[in-house]
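>>> Here is a sequence together with a model predicted from it:
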Amino acid sequence: MKTRKLGNITVSDVGMGCMAFSHGYGKIPTEKYSIEAIENAYSHGCAFFDTAEIYSPNLSGIGHNELIVGKALESVRDKVVIGTKLFLGYSEVRSGSVYDAVRRHLEGSLKRLKTDMADIYYLHRTGGVSVEKVAEAMGRLIDEGFIRGWGLSQVDANVIRRAHSVVPLSAVQNIYSMVERDSEASVIPYCLKNNIGFVPFSPIASGLLSGKITAETRFETVDDVRNWVPQLSRSNIIGNQPIVELLKEYADLKNATPAQISLAWMLHKYPNVVPIPGSKNKERIVENLNASEVELTDEEFSALENSLNKCKVYGHRGFGR
Ligand SMILES: NC(=O)c1ccc[n+]([C@@H]2O[C@H](COP(=O)([O-])OP(=O)(O)OC[C@H]3O[C@@H](n4cnc5c(N)ncnc54)[C@H](OP(=O)(O)O)[C@@H]3O)[C@@H](O)[C@H]2O)c1
């Protein structure tokens, strides 16, 4: 697969979000299936895997997903880039240093990931702890060789600027897709200018942009984020059909799938963007990785972008939460 840079870290230009093997999209596959799916993605060229300490069934407990990712990638560890994330509560740093707290989280993640170094360590959300202090802690962990780079998730350009001025960021991971474009205003331009990679999460809009979700689709009742993804309410699925139809039109034109076109669109648009589509299904994971091969010409991209800009988007989350 082609490669891109997140800061100074080289990754495949499409990565893989591993969350759904543990959380967020209903019933989870067996551990055996999940490990095989990750191994299969690696053998199809994926060299960038995303996880987080918090990804566990129903978000109860810590580390279910990191354990799977660790087992699946142990034998190829030096050939892949692994990003993981921590949540940091103010209560954890009230009577101790931010560095100590971050390091405690990191040590747990490294153990579960069966590695002695995380490539990208993200603060999952900025909470009550100063981002400058977190940056300092991350800088020390970089100097000590426990992480190669660090990142922030769901942040605006002002927070990025403050953090980046303390210790340079490798990546920012915000929600971004054809129906969630807030980061285009200032986050992505700032990242581009400052050699920061931009890692879109939910790049297929939780499945909407694959064209496989209809107003009749029933989501699962337990641990399924699609029940609250704004674009996936029944009326908004109907409202967003012109965007899905547009993707289908380009999919036919390019002998690709709608999900692949939605990924090819962002790959064409920005050189620092590396999407991490998620799927519980081995075949769809490979389909998404193959978006790397779908090249839109400048003319095709402009026409697609113009048509997209004429479509109203129904439902909005933004990167504020
Ligand atoms: N930083 C954060 O706060 C944050 C938040 C959310 C997610 N993430 C990361 O981002 C990754 C991706 O986000 P996401 O999983 O929420 O959203 P996504 O990649 O936009 O969509 C996942 C959904 O789309 C479906 N899908 C994926 N590819 C498909 C295809 N080719 N055809 C048909 N359906 C397809 C999946 O169904 P199937 O499983 O049935 O294929 C699943 O329901 C996660 O795995 C996680 O690592 C980070």
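Perfect, I can see it now. Numbers count the residues shown, from 1 in each chain.
>>> What segments of this structure are helices?
31-43, 64-73, 90-93, 98-112, 131-143, 157-166, 187-193, 234-239, 241-254, 258-269, 282-289, 298-310 (DSSP state H).
>>> ok, of those helices, where does mean pLDDT dip lowest?
Lowest mean pLDDT within the helices of the chain: helix 90-93, a mean of 90.
>>> so what's the closest residue to residue 131 other than its chain neighbours up against?
Closest residue in space to residue 131, ignoring its immediate chain neighbours: residue 163 at 4.7 Å, by C-beta to C-beta, 6 or more residues apart in numbering. In this view, the C-beta of every residue, glycine as well, is placed from N, C-alpha and C. Residue 163 is in contact with 131, 132, 134, 135, 152, 155, 169, counting by C-beta atoms under 8 Å, 6 or more residues apart in numbering.
>>> Give me the buried entries from those.
Listed as buried from these are 131, 134, 135, 152, 155, 169; burial here means 16 or more other C-beta atoms under 10 Å.
>>> OK, contacts around the closest residue to residue 166 other than its chain neighbours?
Once flanking residues are discounted, residue 166 sits nearest to residue 135: 3.7 Å by C-beta to C-beta, 6+ apart. Residue 135 makes contact with 150, 163, 164, 166, 167 under the criterion C-beta under 8 Å, 6+ apart.
>>> Out of the contacts of residue 163, which comes closest to residue 242?
Closest approach to residue 242 among the contacts of residue 163 (C-beta to C-beta): residue 155, at 30.7 Å.
>>> Could you give the number of residues near the closest residue in space to residue 21 that isn't next to it in sequence?
Nearest non-adjacent residue to residue 21, counting by C-beta to C-beta, 6+ apart: residue 34, 3.9 Å away. For residue 34, the neighbour count with other C-beta atoms under 10 Å is 23.
>>> now do the one 5 residues further on
Neighbourhood size, residue 39 [other C-beta under 10 Å]: 16.
>>> got the CA coordinates for stretch 119-129 in PDB?
What follows is stretch 119-129 as a C-alpha-only set of coordinates in PDB (Å, rounded to 0.1, in the frame of the first residue of the first chain):
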ATOM      1  CA  ASP A 119       3.900   4.700  18.100                       C
ATOM      2  CA  ILE A 120       1.200   7.300  18.700                       C
ATOM      3  CA  TYR A 121      -0.300   8.000  22.100                       C
ATOM      4  CA  TYR A 122      -3.400  10.100  22.000                       C
ATOM      5  CA  LEU A 123      -5.200  12.000  24.700                       C
ATOM      6  CA  HIS A 124      -8.700  10.600  23.900                       C
ATOM      7  CA  ARG A 125     -10.500  13.800  25.100                       C
ATOM      8  CA  THR A 126      -9.200  16.900  26.700                       C
ATOM      9  CA  GLY A 127     -10.900  16.900  30.200                       C
ATOM     10  CA  GLY A 128     -10.000  18.800  33.300                       C
ATOM     11  CA  VAL A 129      -6.200  18.500  32.900                       C
END
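>>> So what touches that stretch?
Residues contacting stretch 119-129 (C-beta under 8 Å, 6+ apart): 6, 9, 52, 54, 81-90, 93, 98, 106, 109, 131, 134, 138, 141, 147-155, 159, 170-171, 173.
>>> what sits against the residue most central in space within the chain?
Centroid check for the chain by C-alpha atoms, centre = their mean gives residue 201 as the closest residue, at 3.2 Å. For residue 201, the contacting residues are 17, 50, 153, 173, 174, 175, 176, 276, by C-beta under 8 Å, 6+ apart.
>>> burial of the residue nearest to residue 101 when sequence neighbours are not counted, as a residue count?
Distances taken as C-beta to C-beta, 6+ apart put residue 92 closest to residue 101, at 4.5 Å, once the chain neighbours are dropped. By the measure other C-beta under 10 Å, the count of residues near residue 92 is 19.
>>> Residue 166 now?
Look at residue 166: counted by other C-beta under 10 Å, it has 17 neighbours.
>>> That one reaches residue 136, doesn't it?
Yes. Here residue 166 lies in contact with residue 136, judged by C-beta atoms under 8 Å, at a distance of 6.0 Å.
>>> Tell me the residues of the protein that contact the ligand?
Taking C-beta under 6 Å from any ligand atom as the criterion, the chain approaches the ligand at residues 17-20, 25, 50, 124, 153-154, 173, 201-207, 210, 212, 259, 276-281, 284, 287-288.
>>> Can you tell me how far the residue nearest to residue 21 is from the ligand?
For residue 34, the distance to the ligand (C-beta to the nearest ligand atom, to the nearest Å) stands at 11 Å.
>>> before we move on, what about residue 308?
Residue 308 sits 17 Å away from the ligand, taking C-beta to the nearest ligand atom as the criterion.
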